[in-house]
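J.: what shape does this take:
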Amino acid sequence: MLRISKLTDYATVIMSYLALDPKSVLSAKRIAKDIHLAVPTVSKLLKILSEANLVTSFRGTGGGYQLARPASDITIAAVVSAIEGQLAMTECCATHNNCAIHSLCAIKDNWKIINNIILNALGQVTLHDMIHSFSGHALMLRGIPIKVKM
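T.: Prediction:
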């Protein structure tokens, strides 16, 4: 089965939550409470997202996190890459390419095309798109509605 990790899934939820109120600076504790995740997990992900310049962190009283740029400028590809690293469906798509049969493989170029199709698809979906549910239902995580305080 091809799937993103739980941490990447949670990172998209965190980023989508921040996109709901992009001008507010929210603490990791508040984000964790509102989206029903553990504070250490949220803190870890926010640190990674900050290092990837997807969120901006503010220290001190009233400190916290907010999106580093508008939600319409942050793609899901950027979030996935921040957590997972460069998308590589197969070994031949990775930059280090440690495949033992690389020189003999007749399908490696097709895998690279497929890899680019998926990366381009993720690059077409923004956080703005994510907060406007494709299905018309409220934002949910593990079946629990995410509290939206505006």
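
J.: now Ala19, nearest residue through space, not along the chain?
T.: Ala71 (3.8 Å; Cβ to Cβ, 6 or more residues apart in numbering). Where C-beta positions appear, they are placed from N, C-alpha and C, glycine not excepted.

J.: go ahead and confirm the one you found touches Thr126.
T.: Yes: Ala71 lies in contact with Thr126 (Cβ atoms under 8 Å); the separation is 6.3 Å.

J.: do a quick rundown of the strands in this structure.
T.: Secondary structure of the chain (DSSP state E): strands located at 55-58, 64-67, 140-141, 144-145.

J.: the first one pairs with which strands, parallel or anti?
T.: Note on strand 55-58: by DSSP bridges, its sheet partners are strand 64-67 (antiparallel).

J.: quick one, longest helix in this protein?
T.: Ranked by residue count and defined by DSSP state H, the top helix of the chain is helix 108-124.

J.: can you give me the offset of that one from its chain's centre?
T.: Its chain's average C-alpha position is 18 Å from that of helix 108-124, according to Cα atoms, centre = their mean, to the nearest Å.
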